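Chemist: Generate coordinates for the sequence data below:
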Amino acid sequence: MSKNIKKTIIFAVILVVLVLLMIILKVTDNTDDKKDVTTTAAAVSERLVDYSGYDVSVTDILSIDVKNAESEYTVLYNDGSCVIADMNYDFNSSVIDTIPSNALTATIINKPTGTSGYGFEDPQAEYTINFTDNRSMTVIIGNVSPVASETYVKLGENIFTISTYLTKPYLQNETYYLSPVVYPAFEKEEDKAIDSVEISIHGAEYSVKISKRTDLHSQKAFSPYQYILTYPAVVSLNKTKADTYITSIFGLTADRVVGIENKSAGYNPYRQNEYLCTVLYRNPDISFDIYKAPEDSDLDYYLIQNHSNLVYGFSAETIVDNEGNTEPKLPWLAIEPTDIISSYTITELSVWAYKSLVVETADKTYNFECNASEDKETFTVELDGATYDRDRFQKFNAFLLDGYINYGDFNPAKGERLAKITITMGYGEVYTVEYFEDTENPLNVVSYVNGSAFGALSVDYINSLFKNLELLNTEETFVSRKSGV
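Modeler: You can find the predicted model right below:
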């Protein structure tokens, strides 16, 4: 056999061997690929904690340390509930109490291959689960996977994807876990405990104060729990509206807590937008300021509770009750005095609610003491210690309260003060009614209630007022008509 033939045969044998080797390698690769697929499929039923090497359960957890771009904090776990260390606030249990369980039962969706592109060099967050036996496991949260609703996580040297929603709590600051309830709901009887609410509207020339009457001096026809509005005088009001403004605090729940105000800092980001109003409650004692939220926020208002420094975020949505009626979540923002006034007189000041009435004229002061029996069947009046005719006093009171209120630009030309009446109610409120000369119209006397212009009364009216009180002789006049009038 020639040398050329031998060479050809040897070359052919080598070629066959190489082809066989390539086939073997290809089969081996395919087998390995199948093993990877099998592993991935099986991983769907595996838990993240299974790769920690620990045989643990939720009850073995002591705490969870969280670290992200915004903050670092520790979630303490005890007997099924969680709190954040060093935070004395109410927490949203439906969110924070699920963290330990989610951390241990997070199901692995996938086991990706490769070593880079997962975001672990600059992770979104990481959390370390500390167990009661001093062991711990740390999970690093990387990038969101190209696959919808999956995020890369790393435990030790193992890389997985888990449901993105399970990673959300670890990406937030502490306020994410705080309860959005500004004030809890109330039982009906607890409503009686409210003393007052005062609403100061930014840019308005008034404050609205609504108080609850709980005195024994109230007239029999009135409810012992009646609201009183002062602006700019004491007026009757629409009780249904008043109820809304004073009870809106109960059961008030924000969309979420957006932060904790640091009053010692020089910059308060929550107070940088337009200030809207301040609301002050007494019994319960609580006050808050309301600001507009930033334009780039998904919220409309920030409610800053001054006692706790918590900043609550609200949308402008309305609340719908069982009857289909809608009310804004923050009704104090749109309050107008005319919304809750049912009449423009001060007839709410019934003599049955008086404790005392003092009349001061240029020459003399008259002190009336008023007493209503506990059963509200009898009412007596004393003038400077002596019994005074009750009917005469009530007739005087009827004249006193028969004035009218002027809204809008009412700026009378106030001259010399002619008289002052101070009324102290049985429930503690004090009201002053003052009468002044009208320098532009000598036929009128202008009245001020609690320092605000109330109305214009005729000279004849004011004289009749004091004649009915019989503080003056019938021949005298309280206000002399000027010459030529």
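
Chemist: so what's residue 197 scoring on pLDDT?
Modeler: pLDDT recorded at residue 197 is 85.

Chemist: make that residue 115, sorry
Modeler: As predicted, residue 115 sits at a pLDDT of 71.

Chemist: ok, now which ones touch residue 422?
Modeler: 356-358, 360, 430-432 (Cβ atoms under 8 Å, 6 or more residues apart in numbering). To be clear about C-beta, it is placed using only N, CA and C from the backbone, and glycine gets the same treatment.

Chemist: now, among the residues you listed, which is nearest to residue 448?
Modeler: Ranked by distance to residue 448 (Cβ to Cβ), the contacts of residue 422 are led by residue 432 at 7.9 Å.

Chemist: Out of the contacts of residue 422, flag the one nearest to residue 462.
Modeler: Using Cβ to Cβ, the contacts of residue 422 come closest to residue 462 at residue 360, 14.4 Å.

Chemist: Now do the SS call for the closest one.
Modeler: Following DSSP: H, G, I helix; E, B strand; the rest coil, the label given to residue 360 is strand.

Chemist: Please work out how many residues are found near it.
Modeler: 16 (other Cβ atoms under 10 Å).

Chemist: Assess the claim that it and residue 418 are in contact.
Modeler: No: applying Cβ atoms under 8 Å, one finds residue 360 not in contact with residue 418, separated by 10.0 Å.

Chemist: what about the residue lying closest to residue 285 once chain neighbours are set aside, distance to residue 446?
Modeler: Leaving aside its sequence neighbours, residue 285 sits nearest to residue 307 (Cβ to Cβ, 6 or more residues apart in numbering; 7.9 Å). Distance from residue 307 to residue 446, counting by Cβ to Cβ, to the nearest Å: 42 Å.

Chemist: who has more neighbours, the two?
Modeler: The neighbour comparison of residue 307 against residue 446 (other Cβ under 10 Å) goes to residue 446, with 25 against 9.

Chemist: show me where the stretch 301-450 of the chain has strands.
Modeler: 301-305, 310-314, 318-320, 326-328, 354-361, 365-372, 379-383, 386-388, 414-425, 430-438, 444-449 (DSSP state E, counting those that start in this stretch).

Chemist: Check which helices and strands the last one sits against.
Modeler: Read that as strand 444-449. strand 414-425, strand 430-438, strand 452-458, helix 459-469 (3 or more Cβ pairs under 8 Å, 6 or more residues apart in numbering; DSSP states H and E).

Chemist: of all those, which lies closest to residue 335?
Modeler: Across the helices and strands packed on strand 444-449, closest to residue 335 is strand 452-458 (Cβ to Cβ), at 17.4 Å.

Chemist: quick one: average pLDDT of the closest one?
Modeler: In the prediction, strand 452-458 has an average pLDDT of 70.

Chemist: can you check stretch 158-171 too?
Modeler: Averaged across stretch 158-171, pLDDT comes to 92.

Chemist: Likewise for stretch 209-225?
Modeler: The model assigns stretch 209-225 a mean pLDDT of 48.

Chemist: Run through the stretch 351-485 of the chain and note the low-pLDDT ranges.
Modeler: 374-376, 398-411, 427, 452-455, 467-485 (pLDDT under 70).

Chemist: Quick one: the contacts of residue 422 as TSV, columns for distance to residue 112 too.
Modeler: Putting those into TSV (distance: Cβ to Cβ, whole Å) gives the following:
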residue	distance to residue 112
356	84
357	85
358	86
360	88
430	76
431	76
432	79
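
Chemist: tell me the SS of the nearest residue to residue 120 once chain neighbours are set aside?
Modeler: Leaving aside its sequence neighbours, residue 120 sits nearest to residue 142 (Cβ to Cβ, 6+ apart; 4.8 Å). Classification of residue 142 using three-state DSSP returns strand.

Chemist: How much space separates residue 142 from residue 155?
Modeler: Distance, residue 142 to residue 155, using Cβ to Cβ: 12 Å.

Chemist: Name the residue in the two with the higher neighbour count.
Modeler: More neighbours surround residue 142 than the other of residue 142 and residue 155, with 22 against 19 (other Cβ under 10 Å).

Chemist: who are the neighbours in contact with residue 331?
Modeler: 244-245, 248.

Chemist: Residue 84: which of these is nearest?
Modeler: Looking across the contacts of residue 331 and measuring by Cβ to Cβ, the closest to residue 84 is residue 248, at 29.3 Å.

Chemist: and the closest one, backbone torsions?
Modeler: phi -60, psi -20 (degrees, to the nearest 10).

Chemist: give me the low-pLDDT residue ranges for the stretch 51-200 of the chain?
Modeler: Short version for the stretch 51-200 of the chain, where the test is pLDDT under 70: 186-193.

Chemist: Okay, strands next: where are they in it?
Modeler: Here the stretch 51-200 of the chain has its strands, by DSSP E, counting those that start in this stretch, at 61-68, 72-78, 81-84, 125-131, 136-144, 150-155, 158-163, 196-201.

Chemist: Okay, buried residues for the second one please.
Modeler: Which is strand 72-78. By 16 or more other Cβ atoms under 10 Å, the buried positions in strand 72-78 come out as 73-77.

Chemist: I figured residue 309 hits residue 260, correct?
Modeler: Yes: using Cβ under 8 Å, residue 309 is in contact with residue 260, at 5.5 Å.

Chemist: More neighbours: which of these two?
Modeler: Set side by side, residue 309 and residue 260 show more neighbours around residue 260, with 17 against 14, by other Cβ under 10 Å.

Chemist: That'll do, ta.
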